[in-house]
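> 3D model of this:
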Amino acid sequence: MARQRIAELQLRMNELAGMRDALARLIDTCDQPRAERDCPIQQDIETAATTTISTGQE
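Okay, the predicted model is just below:
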């Protein structure tokens, strides 16, 4: 039971570290023109929008 909890916590920590790194990249590129920014959040939104449009989902 304790090992399972440790594994779950590690997964959450990895997810949070990924979010932290994505935000750090965004901050580092914030002064650049919008098209040149490294923004994984924006890329995910654009990918989802493109996928929704191409599959006809709304």
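
> for this protein, longest helix please?
helix 2-28 (DSSP state H).

> and it, what's its mean pLDDT?
Averaging the model's pLDDT scores along helix 2-28 yields 89.

> Mind listing what's buried along it?
Neighbour counts over helix 2-28 (16 or more other CB atoms under 10 Å) mark Ala22 as buried. For glycine as for every other residue, the C-beta is placed from the backbone atoms N, C-alpha and C.

> packing partners for it?
Other elements packing on helix 2-28 under the criterion 3 or more CB pairs under 8 Å, 6 or more residues apart in numbering; DSSP states H and E are helix 40-55.

> can you give me phi and psi for the spatially closest residue to Arg37 that is not a sequence neighbour?
If you skip the residues right next to it in sequence, Arg37 has Thr29 as its closest partner in space, 4.4 Å away by CB to CB, 6 or more residues apart in numbering. Dihedral angles phi and psi of Thr29 (degrees, to the nearest 10) take the values phi -110, psi 10.

> My guess is Thr29 contacts Ala35. True?
No - using CB atoms under 8 Å as the test, Thr29 is too far from Ala35 to be in contact (10.8 Å).

> higher neighbour count, those two?
A direct count of neighbours by other CB atoms under 10 Å for Thr29 and Ala35 places Thr29 higher, at 14 against 5.

> Next one: that one from Met19, what distance?
Thr29 sits at a distance of 16 Å from Met19 (criterion: CB to CB, to the nearest Å).
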